[in-house]
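# Any chance you could fold what I've pasted below:
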Amino acid sequence: MAQERNTIRLTVGESTLVRQDAPITRVVVGNENIADVRATSAREVLVVGVGRGTTTVSITAGGDRNDYTVIVTAVEVGSLLGLVRNFLGEVEGIHARGFGDNVVLEGEAMTMDD
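Prediction:
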């Protein structure tokens, strides 16, 4: 039995289609409070982010089991990080970075105006 590990990253309310090469015979969701999975066809399921956290979805198709790590965050950190960086503009000494599903501000303001 072949196993393949993939990561699916979603925000709460976001969804993605997962397609298999063979008809799906079994789907197991580790924590239904984090992700919901619904069949859309014999070879495809829709994975929906329900609540913040990490869970596993296992899909058996054609005798092979494919395991997916599903990570659901409250917000899309990359977009939020871009907004924070735009807001900060050219503030000297302050830097924004992503950390997990958070945005962290680091540094020291170099002038009173900052």
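# Please name the nearest non-neighbouring residue to residue 9.
Sequence neighbours aside, residue 71 is the residue nearest to residue 9 in space, at 5.0 Å (criterion: CB to CB, 6 or more residues apart in numbering). C-beta coordinates here come from the backbone N, C-alpha and C atoms, glycine included.
# In terms of helices and strands, where is the one you found?
strand 64-73 (DSSP states H and E).
# Which element is encountered next along the chain beyond that strand?
Next along from strand 64-73, by DSSP H and E: helix 77-88.
# Test my guess that residue 75 contacts residue 103.
No - Residue 75 lies out of contact with residue 103 (CB atoms under 8 Å); the separation is 9.0 Å.
# higher neighbour count, those two?
Neighbours per residue (other CB atoms under 10 Å) separate residue 75 from residue 103, with residue 103 holding more: 18 against 14.
# mind saving the C-alpha coords of stretch 8-18 as PDB?
The C-alpha trace of stretch 8-18 is given here as PDB (Å, rounded to 0.1, in the frame of the first residue of the first chain):
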ATOM      1  CA  ILE A   8      -3.500  21.500   2.500                       C
ATOM      2  CA  ARG A   9      -3.600  25.000   3.900                       C
ATOM      3  CA  LEU A  10      -7.000  26.700   4.300                       C
ATOM      4  CA  THR A  11      -8.600  29.600   6.100                       C
ATOM      5  CA  VAL A  12     -11.800  29.100   8.000                       C
ATOM      6  CA  GLY A  13     -14.600  28.900   5.400                       C
ATOM      7  CA  GLU A  14     -12.200  28.300   2.500                       C
ATOM      8  CA  SER A  15     -12.300  25.100   0.400                       C
ATOM      9  CA  THR A  16     -10.300  23.200  -2.100                       C
ATOM     10  CA  LEU A  17     -10.900  20.200  -4.400                       C
ATOM     11  CA  VAL A  18      -8.800  17.100  -4.000                       C
END
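# Name the surrounding residues that touch that stretch.
Residues outside stretch 8-18 that contact it (CB atoms under 8 Å, 6 or more residues apart in numbering) are 35, 40, 44-52, 57, 59, 68-76.
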